[in-house]
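mind folding the following:
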Amino acid sequence: CPDLWDFCCSYCEDYLGLKWLKVESMAGGGFASAAAPGSRAAEYEGKITFYVIFSCVMAASGGLMFGYDVGVSGGVTSMNDFLGKFFPAVLRKKSEAQKNNYCQYDNQYLQLFTSSLYLAALIATFFASYVTKRYGRRTTMLIAGCFFDVGVVFNASAQDLAMLIVGRILLGCGVGFANQAVPLFLSEIAPTHLRGGLNILFQLNITIGILFANLVNYGTQKIHPWGWRLSLGLAGIPALLITIGSLLLVETPNSLVERGHLEQAKSILRKVRGTDNIYAEFDDLIEASRLSEQVKHPFRNLMKRQNRPQIVIAIALQIFQQFTGINAIMFYAPVLFQTLGFKDDASLYSSVITGGVNVVATFVSIYCVDRVGRRVLLLEACVQMAIAQVAIAILLGTGLTAHKDLSHSSAIIVVVLICVFISAFAWSWGPLGWLIPSETFPLETRSAGQSVTVCVNMLFTFIIAQSFLSMLCHFKYGIFLFFAGWVVIMGIFTVLFIPETKNIPIEEMSTLWKQHWFWKNFMPETDEWDQQIKDVELNAVKVESNGHPN
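Numbering: from 1, shown residues only. As a prediction, the model looks like this:
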């Protein structure tokens, strides 16, 4: 693999004439790192190298698989051939002349088909945390790819509901491992000044996966009776991509230092930064690693007072991300549009439109996140999402009843409003819900913190996936007011408790909490903090000298 890296870099530089843009991290201005006084962040150097671009693109393909799984489930569950084979009760209810628009898809087993993936991901993330810390980010992504490959085979060849659910569980295990490793990999491999944009490649691939699934569903729903098998089977394309891609990746310097491979870490850091002047950043990695070595129980350490800001914000972001209602819409978009009165073709076509909006809006986030910052995107999106959801609720409340479809003009307006809502989410709470936790946890608790992040996300994704169709049946148009209320709460939380992390080096994030009006109360006093660091460093030296800690 290292030889392949060298060949690719040499080819791109020598034969394609590709020149890398060197951007040095300087205090203040441009893409500068907001370095703490006396810190070494101002000494970091980094080019946009082939190693960084290739690594981030290949690693982010894990999001492609996740997105395809999100998008494909809603499409196949609206196909009559699929419903007739696995959920005949839903098909009968759907075919009734006096069907209830809001309740025609209310079936716990149908919801279990979608939600089982996220329950499996919830459990898998605990194992993924150990693997990520012990064996590295690259190995974790390879395991995720293998789970994806086997799960696709089970789903595409399913003969009964049990086989279908087993396939979804295997896919969920892959999601748990991928979502654990990929955001960490992207945050650690990317230069500080581009960390936000490159990390959002994961979310971008999720949105591309959703769009890809919607396009596939639109085509396969016309293939009878096995079109749904093709939809599920084509998930093998992103599954193979992450499996093969993980074999070609290098490990992150942070992970190599954490596991004691210092020379290899130094070599990789030179390659990914494109410069020999990596000593300031490497020394910071060594220092962070020494601190992390003293933490024998990272999950227990997460509960310490000084780690309260990161864990609270990470958990809150995942809960809020799901209670925007985004996954309820993305999971069941074709089903939702059929509820609104669209026919089969029209509902899938509308899903393709919303999927396209999702992709385009994510590019907005990539462009803006390292320019305007995280908080601006989060707050603007709260306003936009709340307005869109209230407007949708008003239209449904006045135009859609249990036995009467929306008028054509009202239905089109609803689709436009859903696109407005999706675009706001796609450039804010979608990507930033993954970015902010991955860049705020210190090295000693990073794997454990990411595990909690993924766990909470999957738990609430499971809750929404398992309950949305039932909530739609009982709340009717009020479901959108329910989610709008949560969006208001999210905005208030952002204003009060989420600081700006733009251009702050990962290893110096602790300075941010010390300056925050609320979180500074959880930080040790400066003298106490410095003494803790000195004690840890002294103990690390004794371990190296004597072979055991005092």
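
give me the three-state assignment for Trp517.
Taken by DSSP: H, G, I helix; E, B strand; the rest coil, the conformation at Trp517 corresponds to coil.

so who does it touch?
With contact set as Cβ atoms under 8 Å, 6 or more residues apart in numbering, Trp517 has no partners. Every residue, glycine included, has its C-beta placed from N, CA and C.

look up how far Leu377 lies from it.
Using Cβ to Cβ, to the nearest Å, Trp517 is found at 21 Å from Leu377.

hang on, Ala121 packs against Leu459?
No. In this structure Ala121 lies outside contact range of Leu459 using Cβ atoms under 8 Å: 9.3 Å.

ok, now which ones touch Pro442?
If you count contacts by Cβ under 8 Å, 6+ apart, then Pro442 has 288, 291-292, 307, 310, 507, 509-510 around it.

tell me where the stretch 101-250 of the chain has helices.
Using DSSP state H, counting those that start in this stretch, the helices of the stretch 101-250 of the chain run over 108-135, 137-156, 161-189, 195-199, 201-220, 227-233, 236-248.

same question but for the stretch 351-500 of the chain, I mixed them up
Taking DSSP H, counting those that start in this stretch as the criterion, the stretch 351-500 of the chain carries its helices at 374-399, 408-426, 429-440, 446-475, 478-497.

quick check: which of those helices is buried the most?
Of all these, helix 429-440 has the most neighbours on average by mean count of other Cβ atoms under 10 Å, namely a mean of 26.

looking at the helices of the stretch 351-500 of the chain, which is closest to Phe50?
helix 429-440 (23.0 Å; Cβ to Cβ).

for Gly356, see how far away the residue nearest the centre of the chain is.
Taking Cα atoms, centre = their mean, the centroid of the chain lies closest to Trp434, which sits 4.7 Å from it. In this view, Trp434 and Gly356 are 21 Å apart by Cβ to Cβ.

also Ile329?
Separation of Ile329 from Gly356 (Cβ to Cβ) stands at 14 Å.

the two: which has the busier surroundings?
Ile329 (21 against 17; other Cβ atoms under 10 Å).

low-confidence stretches in the stretch 451-550 of the chain?
Applying pLDDT under 70 to the stretch 451-550 of the chain flags the ranges 526-550.

residue contacts, the residue nearest to Tyr477 when sequence neighbours are not counted?
Of all residues not flanking Tyr477 in the chain, Leu396 sits nearest, at 3.6 Å (Cβ to Cβ, 6 or more residues apart in numbering). By Cβ under 8 Å, 6+ apart, the residues touching Leu396 are 340, 406, 414, 476-477, 480.

out of these, who's nearest Val383?
The closest of the contacts of Leu396, once distances to Val383 are taken by Cβ to Cβ, is Phe480, at 15.8 Å.

any idea how far Asp276 is from that closest one?
56 Å.

just to revisit the earlier point, let's have the helices of the stretch 101-250 of the chain in JSON lines, adding distance to Leu336 and mean neighbour count.
JSON lines is the format used below for these (distance: least, Cβ to Cβ, whole Å; neighbours: other Cβ atoms under 10 Å):
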{"stretch": "helix 108-135", "distance to Leu336": "13", "mean neighbour count": "21"}
{"stretch": "helix 137-156", "distance to Leu336": "23", "mean neighbour count": "23"}
{"stretch": "helix 161-189", "distance to Leu336": "20", "mean neighbour count": "25"}
{"stretch": "helix 195-199", "distance to Leu336": "30", "mean neighbour count": "26"}
{"stretch": "helix 201-220", "distance to Leu336": "13", "mean neighbour count": "25"}
{"stretch": "helix 227-233", "distance to Leu336": "18", "mean neighbour count": "22"}
{"stretch": "helix 236-248", "distance to Leu336": "24", "mean neighbour count": "20"}
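
can you check which of the ones you listed gets nearest to Trp427?
helix 201-220 (9.4 Å).

low-confidence ranges in the protein?
Where the chain drops to pLDDT under 70, the residues are 1-43, 45-47, 97-99, 292, 294-296, 331, 340-341, 343-344, 401-403, 526-550.

how close does the closest residue to Gly478 other than its chain neighbours get to Gly449?
Excluding the flanking residues, the one nearest Gly478 by Cβ to Cβ, 6+ apart is Ala393, at 6.8 Å. From Ala393 across to Gly449, the span is 36 Å (Cβ to Cβ).
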